[in-house]
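In: Sequence and predicted structure below; questions after.
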Amino acid sequence: LGGPMASSVLAKAVKYAHDKGVVVVCAAGNDGRGKVSYPAAYPYAIAVAATQFDETTTFYSNWGKEIDIAAPGGNTRVDQNGDGQPDGVLQNTIVPGNISQNDYLWFMGTSMAAPHVAGVAALVVGQGVTNPDAVEKVLKETAREPKAAKKDNQNRYGAGIVDAAAAVRKAQLGYGGLELTCAL
């Protein structure tokens, strides 16, 4: 889901979901260019860029001012950790060309990075921080600086790399920055 063109239907859907208390997490796109794809580029979406093992943003990850946060997206073209496997994200999925079978396969993409952020957002919500703006604020305030920092960090990483443990700790301590719940 997503692409380079804006859509009023998608924009309205993202805002509607946000207004109903949903944390909307979106992949930034895999074009390797300085333009975040839609729906990630919309104001009420959390736009996620992809990093690889050395914590640099990947060659394919889109970047731009709309990036909110980064997360591991993998890079199957390299083996930076030296384990003899591609540095992708291992995923159980349907075998391409044979929908009757499934297997664990290596993937890469901002669509591999976004679920990391969605999972951390769910952990934060599980601690009682349910307002989407408050969840986003917790994620951003607890994101860590990448080891491979560059001058253009804001446009490449947003607030930094998602940090699950720090986000959960902050949520457990209570978060007074915004209303913690949202009535539906």
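Out: Here it is on my side, so go on.

In: use CA for all of it now, contacts and neighbours both
Out: Fine.

In: Can you give me the buried ones in the strand ranked longest in the chain?
Out: In the chain, with assignment by DSSP state E, the single longest strand is strand 98-107. Using 16 or more other Cα atoms under 10 Å as the test for burial, strand 98-107 gives 106, 107.

In: Run through the neighbouring helices and strands of that strand.
Out: When contacts are defined as 3 or more Cα pairs under 8 Å, 6 or more residues apart in numbering; DSSP states H and E, strand 98-107 sits against strand 89-95.

In: circling back: could you pull up the mean pLDDT of the longest strand of the chain?
Out: Across strand 98-107, the average pLDDT comes to 96.

In: Taking strand 89-95 as reference, get the angle to it.
Out: Strand 98-107 runs at 170 degrees relative to strand 89-95, counting by axes from the mean of the first three to the mean of the last three Cα atoms, to 10 degrees.

In: Give me the contact list for strand 98-107.
Out: If you take Cα atoms under 8 Å, 6 or more residues apart in numbering as the criterion, strand 98-107 is touched by 74-76, 86-95.

In: same question, stretch 74-86
Out: Outside stretch 74-86, the residues that touch it by Cα under 8 Å, 6+ apart are 50-54, 58, 87-89, 106-109, 112-113.

In: I'd like the distance between the nearest residue to residue 94 once chain neighbours are set aside and residue 96.
Out: Once flanking residues are discounted, residue 94 sits nearest to residue 102: 4.2 Å by Cα to Cα, 6 or more residues apart in numbering. Distance, residue 102 to residue 96, by Cα to Cα, to the nearest Å: 9 Å.

In: Thanks a lot, catch you later.
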